[in-house]
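give me coordinates for this.
(chains A and B)
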2 protein chains.
Amino acid sequence: MTSLWISDVRPWGGPAVDLHVADGVFVATPSGPEAQVVRGGGRIALPAMVDAHAHLDKTSWGKPYRPHSAGGTLADLIDNERSHRSDLGPVRERAGALLDRHIERGVLHIRSHVDVDPAIGLDSVTGVLAAAAERAGRVTVEVVAFPQSGVLTRPGTAELMADAVDAGAQLIGGLDPAGFDGDPIRHLDTVFGIAADKQVGLDIHLHDRGTLGAWQIERIVERTKALGLAGKVTIAHCYALSTVDDVRQGSLIELLASADIALTTTVPGTTPQLPLARLAAAGVRVGLGHDGVRDLWSPYGTGDLLDKALMLAVTSGYRQDADIARTVRIATEGGAGVLRLPDYGLEPGCRANLVLLPAESLVEAVTQRPLDRTVIAGGVVL
Amino acid sequence: MTSLWISDVRPWGGPAVDLHVADGVFVATPSGPEAQVVRGGGRIALPAMVDAHAHLDKTSWGKPYRPHSAGGTLADLIDNERSHRSDLGPVRERAGALLDRHIERGVLHIRSHVDVDPAIGLDSVTGVLAAAAERAGRVTVEVVAFPQSGVLTRPGTAELMADAVDAGAQLIGGLDPAGFDGDPIRHLDTVFGIAADKQVGLDIHLHDRGTLGAWQIERIVERTKALGLAGKVTIAHCYALSTVDDVRQGSLIELLASADIALTTTVPGTTPQLPLARLAAAGVRVGLGHDGVRDLWSPYGTGDLLDKALMLAVTSGYRQDADIARTVRIATEGGAGVLRLPDYGLEPGCRANLVLLPAESLVEAVTQRPLDRTVIAGGVVL
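Numbering: from 1, shown residues only, chains lettered A, B, ... in the order given. The predicted model follows:
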């Protein structure tokens, strides 16, 4: 029986304790002398970070820099990707390089949207799953079969999304049913139909702002309830929530809570941030995602979810410690709630997936994002 | 005669060249064998970064983390600082610690606002000047005598600002003449009066948004022209410019250009960014500042101006290489233009203040902000 003693660490930046691990799981007290010791030295201990919205198949991580080649519209970006994605090399290799960075930074659970369309078929899905399998025990990857090029506007995609589930994808995706795919009712009926048929969850990209996005949120809530999918649906981005008036925002949050629909944010640069305090008060699960990293969409990204937490804190206008600490909670247990990760946390019985950070407080962890981290997965020091 | 050969570097990310330095200045060709060689290894060379808006006296850099203790309004923040600033220890030491970080990251020119008020008198000004003097040859610091606690609302401050110039401050500051100090005409007449009398420039904080801020910009332009101060006035933040309609924005930019008034941004988290392309087209000088770093106002900041460049690029919605590269230009020669730094750049005749960065492009320099930098000041490798 392998065992580990992690001395003098401060869970969530609180008082110093010792943590004990047996067979990959935290235990309240060790049953005997421990095989290995990690000296925490007063560092903060956090459960492993959770990237709740990634696009592992798109990254060029580990490849040479390439200039941005797309125009400014969503259609331009999608067309540019379809033209150039084959230049990037095998998905398995690129996704693997980014997963290695995630692991190094303490991001050990990832939900990745992965493109599915008639041109690439399931190649990207199998590539990401292979990269994840190579890193089993160190990182978990949940795949969303993502119709990046449209469902209705790209015939054959719906069938491929169903096939992707058979190939190992855990969720069905969607993309701007009105703003991109052009027929919100038929788009939603299609993706909800596949999810209900395959008995899997849904994670729908919704960039549509204002009243158009709000109307689609209501349609998503209706279908979630009608199909008994409460607790299994996520809306990604959900810019509509921060671009409608205060009263409408309140009623949308009530609706989301009533269907236990989760949200993920990847911290938009030029759209107001989600109303995190109001969402928390209503009990809506919220996760943080890194979105694309150095891909054909944008050159940004480091693979470090604390960089995103900082961006979220700054662009939310946070100054108070409790507000800034909220971004760390969202980057960890928030995402774990969205992914419904079992045995997540630092308590006895939880799987010993954690990261040690040299910082005095959660605020300092976010503002300084120290790189000297110790990452432990299943009780094994990586 | 000291001399330096910097081989195989790529100025601004362009083609590789060798740079030659004699007596602290770039020369086109070496006059003899060079005393020291720096192997660039293909790294990017940038002229030293310029932090055009700092508050060196406020930082707690190098001190233990302390929880944020202020309420949410501007008045709360100012009162909180007045209550707690004496707990932080000597300005000279704290400002020096932050300057050391700046130097390490390649930020070698700083314009710092420094608080002046009847309670602290000129102590913070002399503290910052002492910290800068200790680092002469490595970093230059220009001090703005800054009425953080008000001019009209804090009697005695105007006289102290004049005294600060005699003590070594190079500019007179100002703060929200309407929104904070309560009497825009009298505030502006006072600070412009001191500047004209002392024959120095002005750098005025203007957070007031929308039409209130726009109206004050017009009053600043009037006074700049009337007193012959064109080219010597800076407006910091200038949120009004991005919170008025497009037509008013255009006329304000024309006015700023007509009086050669510069702007600085510290990249607000929740206000739209300055219209950088439109300002550049009109020939308005714009610099980038880090603002406060780990102080009683906020816990943010790293002292690395590339972190601010990234924030500026993301929150400006930039994806194109040329747009993202613009943020590097603003962090370097933009700030140099605001400070009117003589002999700035990488050309022969310029002072050899530069930083070498391991990145393939300016975009990669901003998105990844590599820490492994070589910093050279006056031809001396630091």
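
ok, A:S149 - contacts?
The contact partners of A:S149, taken as CB atoms under 8 Å, 6 or more residues apart in numbering or on different chains, are A:I78, A:R82, A:D115, A:D117, A:A119, A:T157. Backbone N, C-alpha and C define where each C-beta goes, glycine included.

helices and strands of chain A: which one has the lowest mean pLDDT?
Every helix and strand of chain A was ranked by mean pLDDT, DSSP states H and E. The lowest is helix A:74-84, at a mean of 89.

so how far is it off the chain centroid?
23 Å (CA atoms, centre = their mean, to the nearest Å).

mind saving the C-alpha coords of that helix as PDB?
Presented in PDB, the C-alpha positions along helix A:74-84 are these (Å, rounded to 0.1, in the frame of the first residue of the first chain):
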ATOM      1  CA  LEU A  74     -17.000  34.200 -36.500                       C
ATOM      2  CA  ALA A  75     -17.600  32.800 -40.000                       C
ATOM      3  CA  ASP A  76     -14.100  34.000 -41.000                       C
ATOM      4  CA  LEU A  77     -12.500  32.400 -38.000                       C
ATOM      5  CA  ILE A  78     -14.300  29.100 -38.700                       C
ATOM      6  CA  ASP A  79     -13.400  29.100 -42.400                       C
ATOM      7  CA  ASN A  80      -9.800  30.000 -41.600                       C
ATOM      8  CA  GLU A  81      -9.600  27.000 -39.200                       C
ATOM      9  CA  ARG A  82     -11.000  24.700 -41.800                       C
ATOM     10  CA  SER A  83      -8.400  25.800 -44.300                       C
ATOM     11  CA  HIS A  84      -5.400  25.600 -42.000                       C
END
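
from the chain's centre, how far out does the next helix or strand after it sit?
Helices and strands here follow DSSP states H and E; after helix A:74-84, the next one along the chain is helix A:91-105. In terms of CA atoms, centre = their mean, the centre of helix A:91-105 is found 15 Å from the chain centre.

what is helix A:91-105 packed up against?
Identification of packing neighbours for helix A:91-105 by 3 or more CB pairs under 8 Å, 6 or more residues apart in numbering or on different chains; DSSP states H and E yields strand A:107-115, helix A:123-134, strand A:374-377.

got the buried residues for stretch A:200-211?
Using 16 or more other CB atoms under 10 Å in any protein chain shown as the burial criterion, the residues of stretch A:200-211 that qualify are A:V200, A:G201, A:L202, A:D203, A:I204, A:H205, A:L206, A:H207, A:D208, A:R209.

quick one: contacts for the residue nearest in space to the middle of chain A?
With distances taken as CA atoms, centre = their mean, A:A52 lies nearest the centre of chain A, 1.1 Å away. Contact analysis of A:A52 by CB under 8 Å, 6+ apart lists A:R111, A:T234, A:T264, A:G287, A:L288, A:G289, A:G334, A:G335, A:V338, A:L339.

and if we set it to 7 Å?
For A:A52, the contact set (CB atoms under 7 Å, 6 or more residues apart in numbering or on different chains) comprises A:R111, A:T264, A:G287, A:L288, A:G289, A:G335, A:V338, A:L339.

same check, this time on A:L256
So A:L256 contacts A:V221, A:V284 (CB under 7 Å, 6+ apart).

write out the residues of chain A neighbouring chain B.
A:64-65, A:67-68, A:269-270, A:298-302, A:311, A:314-315, A:317, A:319-321, A:324, A:360-361, A:363-364, A:367-368 (CB under 7 Å from any CB of the partner chain).
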